[in-house]
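Enquirer: when you get a sec, could you give me coordinates for this:
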Amino acid sequence: MGTFLEIEKERQTRFKTTSPYFSEAASGNGIYRKKAYPFCLPLEYAEENLFPGIRQSALTYFESHGIQWHDGKDGKPSNHLCDSQVCGLNFLFPFAHQPEALAEVLRPVLPAIREMLPIEDGQCLACEWIGRDNYLGEKIRPGSRRTRGANFTSADAAVMFERTDGKRQVVLIEWKYTESYGGAPLQQAESGTDRTAIYRPLFDREDCPIGRGLLPSFDSLFYEPFCQFMRQQFLAHEMERAHELGADRVSVLHISPACNPDFRRVTSPELQALNGTATGVWKRLVRPSDKFIGVSTERLFGGLSMDGFPAMREWLDYIFARYPWVRGEGRAASEEASKAA
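Expert: Here you go, the predicted model:
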């Protein structure tokens, strides 16, 4: 279990009991995987895990598209205050109807943005995007269909914009929060499915977006988070080949906290020889390299003022109050805990 996660459990517990964003009824312990914890909400108040300004709209959006909540119950989000999906929604979903503000946030890492475009339901942000077709050839059970957010490669979010060169670009966004991964190989699923057989045809193609010259072996990718990186890069590549949503270009943007050292560790034994962080190693493997951008949450959001977007002021106050590390607050504690571990 990661040290950053332990720090966040304590921080989120304090936030729940001292902030005005939760009802009094939500301040008690919540049941999570059959145990009661102070860093969880009572299940009947799980929607309070979301920023108040998006609670109803996010619930409606997820229901209308059959999107799965990670660890959620009864059509509500996870009651765990450190849930990554919830965190990503709190940061990103308020921009669904704020295209100019979203462009302001993303332009430092995507300077080609001319203007954001609607991608789904008139919104400029879509969640748990799996692509219009089963590009990766992932298995679908008889009588079922692909689901967004579960059992299939899903990007946490997707945005689309017109570039300054007049072309259209889609960006798949992967969001991380308190994640950390061990070194367990993932070639075989618990069901017995051979994952390498599913993705090998994409890897063997001449236009594979992964630089095979640097890669020690195909099996070296089957460790998290590299398995996720691979699948999302394949999804972006296949969407671009299909010109999904009229896109001329599809890339991946990875956002994670710099103050979470547990996530940055290279878990694949063979990939450790490439040196660097998990996202740094992946950046070296992607072809062309600009199809993958890794940026810290702190860099993207820590310096925001939203002075030109008064409708976003309440949201920014919430973000800085709930996730103070995004502005560097509490970083010393995170680093000290990491050294002690």
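
Enquirer: in terms of pLDDT, where does residue 193 sit?
Expert: Looking at residue 193, its pLDDT is 77.

Enquirer: most centrally placed residue in this structure?
Expert: Centroid check for the chain by CA atoms, centre = their mean gives residue 175 as the closest residue, at 1.9 Å.

Enquirer: quick one, what contacts residue 246?
Expert: With contact taken as CB atoms under 8 Å, 6 or more residues apart in numbering, residue 246 is in contact with residue 168. To be clear about C-beta, it is placed using only N, CA and C from the backbone, and glycine gets the same treatment.

Enquirer: hmm, I was thinking of residue 296
Expert: Counting by CB under 8 Å, 6+ apart, residue 296 has contacts 255, 256, 257, 258.

Enquirer: list the residues that contact the residue nearest to the centre of the chain.
Expert: 84, 85, 87, 88, 91, 92, 156, 157, 255, 256.

Enquirer: wait, the third one touches residue 319, no?
Expert: It stands for residue 87. No: the criterion here is CB atoms under 8 Å, and residue 87 misses it with residue 319 at 9.9 Å.

Enquirer: quick one: the helices in the stretch 1-150 of the chain?
Expert: 3-18, 55-64, 84-92, 99-106 (DSSP state H, counting those that start in this stretch).

Enquirer: could I get those helices in TSV, plus columns for distance to residue 309?
Expert: TSV is the format used below for the helices of the stretch 1-150 of the chain (distance: least, CB to CB, whole Å):
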stretch	distance to residue 309
helix 3-18	24
helix 55-64	18
helix 84-92	15
helix 99-106	4
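
Enquirer: show me which of those helices has the highest average neighbour count.
Expert: helix 84-92 (a mean of 23; mean count of other CB atoms under 10 Å).

Enquirer: any idea how far that helix is from the middle of the chain?
Expert: With CA atoms, centre = their mean, to the nearest Å as the basis, helix 84-92 stands 8 Å off its chain's centre.

Enquirer: show me what that helix is packed against.
Expert: If you count contacts as 3 or more CB pairs under 8 Å, 6 or more residues apart in numbering; DSSP states H and E, helix 84-92 packs onto strand 155-163, strand 168-175, helix 313-322.

Enquirer: next, the buried residues of the last one.
Expert: Along helix 313-322, these residues count as buried under the neighbour rule (16 or more other CB atoms under 10 Å): 315, 316, 318, 319, 322.

Enquirer: for the last one, what are its contacts?
Expert: Taking CB under 8 Å, 6+ apart as the contact definition, residue 322 lies against 12, 15, 19, 21, 90.

Enquirer: now for those residues: which two are most distant?
Expert: 19 and 90 (13.0 Å; CB to CB).

Enquirer: need the helices and strands packed on helix 84-92 in a markdown table with mean pLDDT and distance to residue 295, can you?
Expert: Shown next, in a markdown table, are the helices and strands packed on helix 84-92 (pLDDT from 0 to 100; distance: least, CB to CB, whole Å):
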| stretch | mean pLDDT | distance to residue 295 |
| --- | --- | --- |
| strand 155-163 | 98 | 14 |
| strand 168-175 | 98 | 10 |
| helix 313-322 | 98 | 16 |
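
Enquirer: how about those, which one is nearest residue 197?
Expert: Using CB to CB as the measure, strand 155-163 is the one of the helices and strands packed on helix 84-92 that comes nearest residue 197, at 23.0 Å.

Enquirer: what residues sit buried inside the closest one?
Expert: 155, 156, 157, 158, 159, 160, 161, 163.

Enquirer: mind picking the two most distant members of the residues you listed?
Expert: 156 and 163 (22.4 Å).

Enquirer: what stretches of this protein score poorly on pLDDT?
Expert: 1, 190-192, 330-341 (pLDDT under 70).

Enquirer: which residues of it fall in strands?
Expert: 30-32, 35-37, 113-117, 126-129, 155-163, 168-175, 249-256, 292-296 (DSSP state E).

Enquirer: distance to residue 286 added to those strands, as a markdown table?
Expert: Compiled in a markdown table, those are given as follows (distance: least, CB to CB, whole Å):
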| stretch | distance to residue 286 |
| --- | --- |
| strand 30-32 | 36 |
| strand 35-37 | 38 |
| strand 113-117 | 20 |
| strand 126-129 | 19 |
| strand 155-163 | 15 |
| strand 168-175 | 13 |
| strand 249-256 | 8 |
| strand 292-296 | 4 |
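
Enquirer: between the ones you listed, which one is nearest to residue 44?
Expert: strand 30-32 (9.4 Å).

Enquirer: that closest one: partners in the sheet, and parallel or antiparallel?
Expert: Using DSSP bridges, the strands paired with strand 30-32 are strand 35-37 (antiparallel).

Enquirer: which other residues reach the partner strand?
Expert: Strand 35-37 is touched from outside by 9, 29, 30, 80, with contacts defined as CB under 8 Å, 6+ apart.

Enquirer: give the buried residues for it.
Expert: By neighbour count on 16+ other CB under 10 Å, the buried set for strand 35-37 is residue 37.

Enquirer: picking up where we left off before, in ChimeraX, how would I select just the buried ones from the contacts of strand 35-37?
Expert: Applying 16+ other CB under 10 Å to the contacts of strand 35-37, the buried members can be selected in ChimeraX as follows:
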select :9,30,80
